[in-house]
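Asker: Could you work out the structure for the sequence below:
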Amino acid sequence: MLWLRDYTDKIREHLKIGDAKSLTYAALEARLALEHVCYDRLRIAHKYISNDDLRTWRPHYVVRAVMEMVDTNIASEWTLSIGSVHGDNPTEYLKLGTQKGFDPKYVSQLWQAMSSFLHCELPKNATSAIEHYKAENKLRPKIEEVLNELDRLAEGTVVASMVFQQVSFDCVCGQRNSRSTAVLKLNDIFNCIKEGCKEQYRVEKMGEEFLFERHLIPVSCYNCGDANGLPYRQVCELDKGSEGWKFDCRKCGKENVFMWKLKQFKRNDKDDASLL
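Answerer: Next up is the predicted model:
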């Protein structure tokens, strides 16, 4: 990952100056570099995962999500080689490159340390001075630890060239979605990878075959009572202050309008909720 050299060069420049201000800028560059390392793995995996499947932007959690939902080896170290001579059982191999692995937990610890350096000191009392920068003897050792990890990762020449058995299906929006069969679990729910699409799918299985069923919420027609399946996210994310969402019943064709509405409840003797 030669692009990491841009970060490490800047970090070394700040370390060379060595005052608290420069070391704080070094901590910022180190923090950004760690985020870039983690997000780079996500970028490679975006063919198989939607941003909407990520519960948080924190770098190590992003890597964990990709490991759980796309490829368990996304942060592992491995070498890609090919046989030097065409055939089924080559005896010699040509090395194409190596992906440098990392421990998301360790990267998280480093990232948290760098983040803590980017804040003023909290005053302990009314007479305490608010320190703008952390002490140099606290900044330098941790920044150098991050720099060592970044130098190691920069030696990698291949990043996340994912090879696994896949299963694919088309979303109702037309987007082709693919998933690794190794990480799929029954009843998993995930989002379509197309940006802006609100469709979700539930993983089903018939024998050894994976099936993908739209994640819908039933909304009964006011006229005929037929349960119309509507996209779960579109219903749950409907703006509370909107005028409602319209749909035509698939059975009788009548227009339906629904919206989120605040209701007041009281508890009865059996501790069941009932509407006022």
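Asker: which parts of the host helix or strand of D9 are buried?
Answerer: Under the criterion of DSSP states H and E, D9 resides in helix 4-17. For helix 4-17, the neighbour count (16 or more other Cβ atoms under 10 Å) marks L4, Y7, T8, K10, I11, H14, L15 as buried. Quick note: C-beta positions are derived from backbone N, CA and C, even for glycine.
Asker: Please pull up the helix or strand immediately following that helix.
Answerer: Proceeding N to C from helix 4-17, the next assigned helix or strand is helix 20-45, under DSSP H and E.
Asker: Can you check what angle separates the helix or strand following that following helix from helix 20-45?
Answerer: Downstream of helix 20-45, the first helix or strand assigned by DSSP H and E is helix 59-69. Counting by axes from the mean of the first three to the mean of the last three Cα atoms, to 10 degrees, helix 59-69 lies at 10 degrees to helix 20-45.
Asker: Let me know how buried N191 is, in neighbour terms.
Answerer: N191 has 20 neighbouring residues, counting by other Cβ atoms under 10 Å.
Asker: Got phi/psi on it?
Answerer: N191 adopts backbone torsions of phi -100, psi 150, taken as degrees, to the nearest 10.
Asker: Correct me if wrong: it contacts R214.
Answerer: No. Applying Cβ atoms under 8 Å as the test, N191 and R214 come out as separate, 11.7 Å apart.
Asker: Mutual contacts of these two, please.
Answerer: E199, Q200, Y201 (Cβ atoms under 8 Å, 6 or more residues apart in numbering).
Asker: ok, now which ones touch the last one?
Answerer: Read that as Y201. Here Y201 is in contact with F169, C171, N177, I189, F190, N191, C192, F212, E213, R214, H215 (Cβ under 8 Å, 6+ apart).
Asker: Emit the PyMOL select command for whichever of those residues are buried.
Answerer: Only the buried members of the contacts of Y201 end up in this PyMOL selection, burial being decided by 16+ other Cβ under 10 Å:
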select buried, resi 171+177+190+191+192+212+215
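Asker: Next, format the contacts of Y201 as TSV and append secondary structure.
Answerer: Below are those laid out as TSV (DSSP: H, G, I helix; E, B strand; the rest coil):
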residue	secondary structure
F169	strand
C171	coil
N177	strand
I189	strand
F190	strand
N191	strand
C192	coil
F212	strand
E213	strand
R214	strand
H215	coil
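Asker: now the contacts of Y201 in a markdown table, with distance to G241 and pLDDT?
Answerer: Below are those laid out as a markdown table (distance: Cβ to Cβ, whole Å; pLDDT from 0 to 100):
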| residue | distance to G241 | pLDDT |
| --- | --- | --- |
| F169 | 35 | 95 |
| C171 | 29 | 97 |
| N177 | 32 | 96 |
| I189 | 27 | 95 |
| F190 | 29 | 95 |
| N191 | 24 | 96 |
| C192 | 26 | 97 |
| F212 | 33 | 96 |
| E213 | 32 | 96 |
| R214 | 27 | 96 |
| H215 | 25 | 96 |
